[in-house]
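Q: Here is my input; please provide its structure:
(2 chains)
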Protein chains: 2
Amino acid sequence: MALTVVGSIAFDSVRTPFGERDRMLGGSAVHFALAARFFTQVQIVGPVGGDFGDEHLELLRERGVDVSDVERVEDGETFVWRGHYEADMNVAHTDDTQLGVFADFDPKLSEGSRSADVLFLGNIQPDLQRRVRAQANGSRLAALDSMNLWIETTRDSLVAAIGEVDCLLFNDSEIRMLTEEPNLTRAARAVMDMGPRIVVAKRGEYGAVLFTREGFYALPGFLLEDVRDPTGAGDSFAGGFLGYLDMQGTDTLTDQALHRAMAYGTVLASFNVEEFGTERVARLTEEEISERYDELRGMTHFESS
Amino acid sequence: MALTVVGSIAFDSVRTPFGERDRMLGGSAVHFALAARFFTQVQIVGPVGGDFGDEHLELLRERGVDVSDVERVEDGETFVWRGHYEADMNVAHTDDTQLGVFADFDPKLSEGSRSADVLFLGNIQPDLQRRVRAQANGSRLAALDSMNLWIETTRDSLVAAIGEVDCLLFNDSEIRMLTEEPNLTRAARAVMDMGPRIVVAKRGEYGAVLFTREGFYALPGFLLEDVRDPTGAGDSFAGGFLGYLDMQGTDTLTDQALHRAMAYGTVLASFNVEEFGTERVARLTEEEISERYDELRGMTHFESS
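A: Residues are numbered from 1 along each chain as shown, chains lettered A, B, ... in the order given. Coordinates of the predicted model:
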């Protein structure tokens, strides 16, 4: 039972209707790791620059995340994302991206990272994802996220990367874009034809849908009065989802386990958006997760007829 | 146990990526009635023109809908809606609306319609809704739908109409527009401050959310491979929701009853969109409803931790 995540480790500068933050800790791998660590041992893989303070690594370390495969490039700069959200926070607008040390990143996984049961390839250039996938030959469940940029600019690499994983976690609009199929159920089937046997469509505040060869499953997003910053919600979802599956054991991916994993993903994503960046999930407790899991059950269940 | 609905009785001309139909039977009251009749006795109130064929009234009558309050204006024309949907069928584009006999409609409810336990004020001009509401003084649960047009053009009348009902069923974007509050949970609370104690936010393919003073509840839309025409889905939802509540008895609006009503609304809406106009719901059976209700349970439930 162990999980390796590769993805961006970043400084995020974000403006929402509820405030703004400059150069806060962020990135897909960071949001994912801070959610998944509640369920399993997490190893994070990726480069940072000389500008990346020890306090950030310490924040991860204190929460049980193994940072020994975080590569520090002293004369380089950490990945930067700058973006904003309008009153309707379902859509992020990217204002600037600086690849920094990711431009020359050549992943080298340690023995520990290679042998993890579960592998999450967070949203980075698909050829990088493939190089990590090739090294992590111990993984029994490999999952992948991506974004519209890679669908538009490096589609062939992305399709090849998708062919090498068991599970795809995308925004629903990106699943439609990738497959050029407006109906989500048909689009998910088209993704399965590329390789993955599990497809998760993330729908922002509307929740998420799970597709397998046997059928489908869906949960609404947890309803909140205070949503301050959606950045990283999809990665927190993936962290809860895959973290729980790793804890359960990937030998037995029953429907029950997958459905519970969807619920844990929903719960972790809901905490993520309550405050800026990693603020809320960084101080989250197991008791709070457990309580919201039960609340989510109450707000979605109904009795038989 | 009886339900009165007022709303448009229309000829709809619709184009979607899956085909088109000209002047088919439609309108909010028709879609609503064809869904609600599975649960309770439905009386439909509204005007039609001399161009409205007997076969349409017969279709309603054969399915148990009481059409004695449908007023035929021989020298008038039936309400016409013409619209189309793009590949993303979540948004309807209205190309033309001809009010016809609705322009001079002066509702006069029969004794039977006045005394129904449940009243649904489908999407028509809010002053008309208020006149119907004033006559239906027997109703113990009055519900109302509307649209962006009335929020923009007759806001004061609409707010007055909302103040006179127990339940509001709106698209989520319209709840946000009405209250000028982007957060749906806060927006629903603002609607409750106007009067209704039950607020249902319809979210198209994403499902629906129920808000009461005690809390919230949400279901995703039923997933379908074939969605051919979303027209009327919101009214079919309302028909399943309110029809079930009337059948259950409006004295005892327990959370359990409201949650089951949400499920029946979701089920009826899902059948509505499978084919054009009323085609699918008109030939629906109780067995099919029951079966999909169970499927919806299976696709949303998860076990406790």
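
Q: can you pull the contacts of residue A:104?
A: residue A:76 (Cβ atoms under 8 Å, 6 or more residues apart in numbering or on different chains). In this view, the C-beta of every residue, glycine as well, is placed from N, C-alpha and C.

Q: where does it fall, phi/psi-wise?
A: phi -110, psi 20 (degrees, to the nearest 10).

Q: Please tell me the pLDDT value assigned to it.
A: pLDDT, residue A:104: 92.

Q: what do you get for residue A:89?
A: As predicted, residue A:89 sits at a pLDDT of 86.

Q: Torsion angles phi and psi at the residue nearest to it when sequence neighbours are not counted?
A: Of all residues not flanking residue A:89 in the chain, residue A:230 sits nearest, at 5.1 Å (Cβ to Cβ, 6 or more residues apart in numbering or on different chains). Backbone torsions of residue A:230, given as degrees, to the nearest 10, read phi -80, psi -10.

Q: Check whether residue A:94 really touches residue A:83, as I assumed.
A: Yes: between residue A:94 and residue A:83 a contact is recorded at 4.8 Å, counting by Cβ atoms under 8 Å.

Q: Could you check which of the two is surrounded by more residues?
A: Neighbour count, other Cβ atoms under 10 Å in any protein chain shown: between residue A:94 and residue A:83, residue A:83 has more, with 16 against 11.

Q: coming back round to it: run a quick neighbour tally on the residue nearest to residue A:89.
A: Residue A:230 has 19 nearby residues by other Cβ under 10 Å.

Q: Which residues does stretch A:158-176 contact?
A: A:121, A:126-127, A:129-130, A:133, A:141-148, A:150-151, A:178, A:182, A:184, A:187-188, A:191, A:194-204, A:209, A:234, A:237-238, A:241-242.

Q: May I have the distance across it, first residue to last?
A: 15 Å (Cα to Cα, to the nearest Å).

Q: List the buried residues for it?
A: By neighbour count on 16 or more other Cβ atoms under 10 Å in any protein chain shown, the buried set for stretch A:158-176 is A:158, A:160-162, A:164-176.

Q: thinking again about what came up before, for the residue nearest to residue A:89, what are its contacts?
A: Per Cβ under 8 Å, 6+ apart, neighbours of residue A:230: A:16, A:85, A:89-90, A:92, A:204-205, A:272-273.

Q: Spatially central residue for chain A, please.
A: residue A:235 (2.4 Å; Cα atoms, centre = their mean).

Q: Just give the nearest non-adjacent residue to that one, would you?
A: Residue A:235 sits nearest to residue A:31 (Cβ to Cβ, 6+ apart), 3.7 Å away.

Q: and what of residue A:182?
A: Closest to residue A:182 by Cβ to Cβ, 6+ apart is residue B:87, at 4.3 Å.

Q: And the one you found, how close does it get to residue B:17?
A: Distance, residue B:87 to residue B:17, using Cβ to Cβ, to the nearest Å: 6 Å.

Q: Tell me where the stretch 1-150 of chain A has strands.
A: Using DSSP state E, counting those that start in this stretch, the strands of the stretch 1-150 of chain A run over A:3-6, A:10-16, A:19-26, A:42-49, A:70-73, A:79-85, A:92-98, A:118-121, A:141-144.

Q: Buried residues, the third one. List them.
A: Spelled out, that is strand A:19-26. A:21, A:24-26.

Q: for the first one, same thing?
A: Judged by neighbour count using 16+ other Cβ under 10 Å, the buried positions of strand A:3-6 are A:3-6.

Q: In JSON lines, list the residues you listed along with pLDDT.
A: Converted to JSON lines, the buried residues of strand A:3-6 look like this (pLDDT from 0 to 100):
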{"residue": "A:3", "pLDDT": "98"}
{"residue": "A:4", "pLDDT": "98"}
{"residue": "A:5", "pLDDT": "98"}
{"residue": "A:6", "pLDDT": "97"}
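
Q: Looking at the residues you listed, spot the one nearest chain B.
A: residue A:3 (19.3 Å; Cβ to the nearest Cβ).

Q: What parts of the stretch 151-300 of chain A come near chain B?
A: Proximity of the stretch 151-300 of chain A to chain B, by Cβ under 8 Å from any Cβ of the partner chain, involves residues A:182-186, A:203, A:205-207, A:209, A:215-221, A:223-227, A:256, A:259-260, A:262-263, A:290, A:293-294, A:297, A:299-300.

Q: And those residues, which of them are buried?
A: A:183-185, A:203, A:205-207, A:209, A:216-221, A:223-224, A:227, A:259-260, A:262-263, A:293, A:299-300.

Q: So which of these belong to strands?
A: Judged by DSSP state E, those include A:209, A:216-219 as members of strands.

Q: which residue ranges form the strands in the stretch 151-300 of chain A?
A: Going by DSSP E, counting those that start in this stretch, the stretch 151-300 of chain A shows strands at A:167-171, A:198-202, A:208-212, A:215-219.

Q: Serialize these to a markdown table and add fields for distance to residue B:137 and mean pLDDT.
A: Shown next, in a markdown table, are the strands of the stretch 151-300 of chain A (distance: least, Cβ to Cβ, whole Å; pLDDT from 0 to 100):
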| stretch | distance to residue B:137 | mean pLDDT |
| --- | --- | --- |
| strand A:167-171 | 49 | 97 |
| strand A:198-202 | 47 | 98 |
| strand A:208-212 | 44 | 98 |
| strand A:215-219 | 41 | 97 |
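
Q: Now do the helices in the stretch 151-300 of chain A.
A: Ranges of helices within the stretch 151-300 of chain A are A:155-162, A:172-179, A:184-192, A:233-248, A:255-272, A:279-282, A:286-298, based on DSSP state H, counting those that start in this stretch.

Q: Output those helices in a markdown table, with mean pLDDT appended to each entry.
A: A markdown table is the format used below for those (pLDDT from 0 to 100):
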| stretch | mean pLDDT |
| --- | --- |
| helix A:155-162 | 98 |
| helix A:172-179 | 96 |
| helix A:184-192 | 97 |
| helix A:233-248 | 98 |
| helix A:255-272 | 98 |
| helix A:279-282 | 98 |
| helix A:286-298 | 98 |
